[in-house]
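Chemist: I'd like to go over a predicted model; first the sequence, then the structure.
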Amino acid sequence: MAPYITSVVINDPVHGQALFSSWHTIAGITVALTAPFVGAAADAMGRRKPFLGAITCVLALGILAQWWVLPDGQGWSLPMVGALIVICGVSYVWSEVLHNSMLIAAAPPGGVSRLSGLGLSLGNAASVLLLMFVLWAFALPGTVSLPFLPEAPLFGLDPATHQTSRIVAPLAATWLLLVSLPLFVFTLDVRSSGRKLGPSLAEGVLSVFRTLRKLRDHRNIGLFLLARMFYADGKTAILIYSGVYAAGAMGWGLIEMLIYGIILQIFAVAGGFLSAWLDGFVGLKRAVAIEIAVTLVCLVLMVSVTPTTILFGIPIDPAARVWDGPVLVTWPEIVYLGFSMIIAVSITAAYASSRSLMANLAPPHMAGELFGLYALAASATAWLGPLLVGVFTALYQSQRAGFAAIAILLVIGFALLMFVKPPPRPA
């Protein structure tokens with residue numbers, strides 16, 4: 001929905017990217033102030049599933065409501081659109097805190113890396129299925145004549161009113177609930193402590209401050225969390241703005257964005273499996289460092305691409321076609337897609353490896369509160385990525401400059417990670 005909102009609803013890619021950044025800045029600040037307490041409260045209650053189920057429903061409703069995001073002042077107002085983006089951003093991270101804290105209990109001995117990578121791979125595979133359905137059912141019908149395609153978008157959706165773009169919201173909300181069911185039905189939960197949510201939240205506040213003081217005795221964990229504070233924010237910002245940049249700078253529409261998303265999600269599946277192999281081959285810390293470095297290089301190379309140039313200075317005739325297909329036919333589009341595929345692998349692998357590294361560094365009895373701080377490390381500066389993008393976009397009146405600013409966070413995170421002492425490698 002982000003490319004649709006910035007390029008169609010706001011109808012100004014540069015202003016849209018800046019405004020979208022401000023909404024994510026608010027979400028990041030909110031998460032930074034709340035996520036650790038959510039994790040600590042979960043530790044106090046024991047059971048995660050009831051709390052996680054409620055937050056997942058809020059996230060699904062926030063996504064569903066984006067069906068009514070319309071251009072030209074119709075539907076939700078822009079402040080309401082911003083509120084929905086904030087709600088989705090906050091509830092997503094809260095859910096992440098809770099299911100991450102279940103990882104240690106769910107994984108077999110020595111299997112944290114495999115389970116972490118498998119979880120991300122399956123999540124990306126589910127996204128591929130959804131995007132392929134949207135492409136088949138709504139984006140391609142009426143634009144391409146192929147035997148296996150419907151003659152028109154399903155359910156009588158009208159492309160002229162952007163219904164074929166907006167349908168992604170209710171479909172994503174429904175898909176979220178469906179693919180979450182196995183977690184709630186088949187996964188063992190932590191034993192309940194019998195404490196209610198209110199007292200647990202109050203205890204969680206005190207617990208977080210105690211945990212922060214404990215970091216003096218767990219300085220290595222604190223240093224890792226500080227490093228992740230920057231590089232995770234950079235990776236998240238890339239996921240948010242790579243599509244926004246492509247829609248604005250490349251002029252991609254719904255079909256191009258869906259194909260782009262499908263290809264990236266397929267490669268992201270590979271990233272989940274790659275992380276488990278890389279963790280075992282070079283060790284957790286080195287795996288994360290390699291994944292950050294690859295992400296940084298690919299980001300610079302992606303920024304080097306415009307509709308008329310590649311690698312910052314090689315001129316390309318925008319009318320020249322690489323092949324006779326309907327979309328993604330120019331060299332800049334192909335090159336941008338190629339770098340994006342590599343970055344999809346590295347970002348997914350880094351998420352999985354980082355989670356595995358944290359699970360191996362954290363004492364088991366502090367998993368929930370430390371994963372709350374883990375979420376804080378990804379969100380305490382979650383406002384910084386969107387803020388950098390927004391400031392650089394507005395200052396230079398350039399989407400390219402805003403997108404490039406993300407590299408600052410990756411460099412800082414990589415430098416800090418070099419000082420983290422890795423956990424012992426298993427025999």
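Modeler: Noted; the coordinates are in hand.

Chemist: can you tell me the SS state at the residue nearest to V329 when sequence neighbours are not counted?
Modeler: Nearest residue to V329 in three dimensions, chain neighbours excluded: R321, at 4.6 Å (C-beta to C-beta, 6 or more residues apart in numbering). Glycine gets a C-beta too; all of them are placed from N, C-alpha and C. With DSSP: H, G, I helix; E, B strand; the rest coil as the basis, R321 sits in coil.

Chemist: so what's the residue nearest to L154 when sequence neighbours are not counted up against?
Modeler: Excluding the flanking residues, the one nearest L154 by C-beta to C-beta, 6+ apart is A137, at 4.6 Å. For A137, the contacting residues are 150, 153-154, by C-beta atoms under 8 Å, 6 or more residues apart in numbering.

Chemist: and F403, what element?
Modeler: helix 399-404 (DSSP states H and E).

Chemist: dump that helix to PDB, restricted to CA.
Modeler: Extracted in PDB, the C-alpha atoms of helix 399-404 (Å, rounded to 0.1, in the frame of the first residue of the first chain):
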ATOM      1  CA  GLN A 399      13.700  10.700  -3.500                       C
ATOM      2  CA  ARG A 400      17.200   9.400  -4.400                       C
ATOM      3  CA  ALA A 401      18.900  11.500  -1.600                       C
ATOM      4  CA  GLY A 402      16.300  10.400   0.900                       C
ATOM      5  CA  PHE A 403      16.700   6.700   0.100                       C
ATOM      6  CA  ALA A 404      20.500   7.000   0.100                       C
END
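
Chemist: list the buried ones in whatever helix or strand comes next after it?
Modeler: Using DSSP H and E, the helix or strand that follows helix 399-404 towards the C-terminus is helix 407-417. The neighbour-count check on helix 407-417 (16 or more other C-beta atoms under 10 Å) flags 407, 409-410, 412-414, 416-417 as buried.

Chemist: what is the longest helix along the chain packed up against?
Modeler: Longest helix in the chain by number of residues (criterion: DSSP state H): helix 13-45. The helices and strands touching helix 13-45, judged by 3 or more C-beta pairs under 8 Å, 6 or more residues apart in numbering; DSSP states H and E, are helix 49-64, helix 78-101, helix 197-214, helix 219-249, helix 367-379, helix 384-396, helix 399-404.

Chemist: tell me the angle the fourth one makes with helix 407-417.
Modeler: What it means is helix 219-249. When axes from the mean of the first three to the mean of the last three C-alpha atoms, to 10 degrees is applied, the directions of helix 219-249 and helix 407-417 differ by 160 degrees.

Chemist: and helix 219-249, how far from the chain's centre?
Modeler: 9 Å (C-alpha atoms, centre = their mean, to the nearest Å).

Chemist: what of the shortest one?
Modeler: With C-alpha atoms, centre = their mean as the basis, helix 399-404 stands 18 Å off its chain's centre.

Chemist: over to stretch 264-283?
Modeler: Taking mean C-alpha positions (C-alpha atoms, centre = their mean), stretch 264-283 and its chain are 16 Å apart.

Chemist: quick one: buried residues of that stretch?
Modeler: In stretch 264-283, counting by 16+ other C-beta under 10 Å, buried: 264-276, 278-279, 283.

Chemist: do the same with stretch 171-183
Modeler: 171-173, 175-177, 179-180, 183.

Chemist: inside helices: which ones of those residues?
Modeler: 171-173, 175-177, 179-180, 183.

Chemist: coming back round to it: pick the one among the buried residues of helix 407-417 closest to P307.
Modeler: P307 has its nearest neighbour among the buried residues of helix 407-417 in A407, at 21.5 Å by C-beta to C-beta.

Chemist: sorry, back to before: from the buried residues of stretch 264-283, which has minimum pLDDT?
Modeler: Within the buried residues of stretch 264-283, pLDDT reaches its minimum at G272, with 73.

Chemist: name the nearest residue to that residue, ignoring sequence neighbours.
Modeler: Closest to G272 by C-beta to C-beta, 6+ apart is S121, at 3.0 Å.

Chemist: over to Y396?
Modeler: G402 (7.6 Å).

Chemist: the one you found contacts Q17, doesn't it?
Modeler: Yes: counting by C-beta atoms under 8 Å, G402 touches Q17, with 5.9 Å between them.

Chemist: need the residues touching each of those two.
Modeler: Counting by C-beta under 8 Å, 6+ apart, the residues touching both G402 and Q17 are 241, 389-390, 393.

Chemist: counting neighbours, what do you get for L370?
Modeler: Per other C-beta atoms under 10 Å, the neighbour tally for L370 reads 30.

Chemist: distance of the residue nearest to it when sequence neighbours are not counted relative to L225?
Modeler: Sequence neighbours aside, A362 is the residue nearest to L370 in space, at 4.4 Å (criterion: C-beta to C-beta, 6+ apart). To L225, A362 is 10 Å away according to C-beta to C-beta, to the nearest Å.

Chemist: CA atoms only: put stretch 270-281 into PDB for me.
Modeler: Only the C-alpha atoms of stretch 270-281 are listed here, as PDB (Å, rounded to 0.1, in the frame of the first residue of the first chain):
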ATOM      1  CA  ALA A 270      16.100 -18.200   0.200                       C
ATOM      2  CA  GLY A 271      17.500 -15.700   2.700                       C
ATOM      3  CA  GLY A 272      15.800 -17.500   5.600                       C
ATOM      4  CA  PHE A 273      17.500 -20.800   4.700                       C
ATOM      5  CA  LEU A 274      20.800 -19.100   3.900                       C
ATOM      6  CA  SER A 275      21.000 -17.600   7.400                       C
ATOM      7  CA  ALA A 276      20.900 -21.000   9.100                       C
ATOM      8  CA  TRP A 277      23.700 -22.300   6.800                       C
ATOM      9  CA  LEU A 278      25.800 -19.100   7.200                       C
ATOM     10  CA  ASP A 279      25.300 -19.100  11.000                       C
ATOM     11  CA  GLY A 280      26.800 -22.600  11.200                       C
ATOM     12  CA  PHE A 281      29.500 -22.000   8.700                       C
END
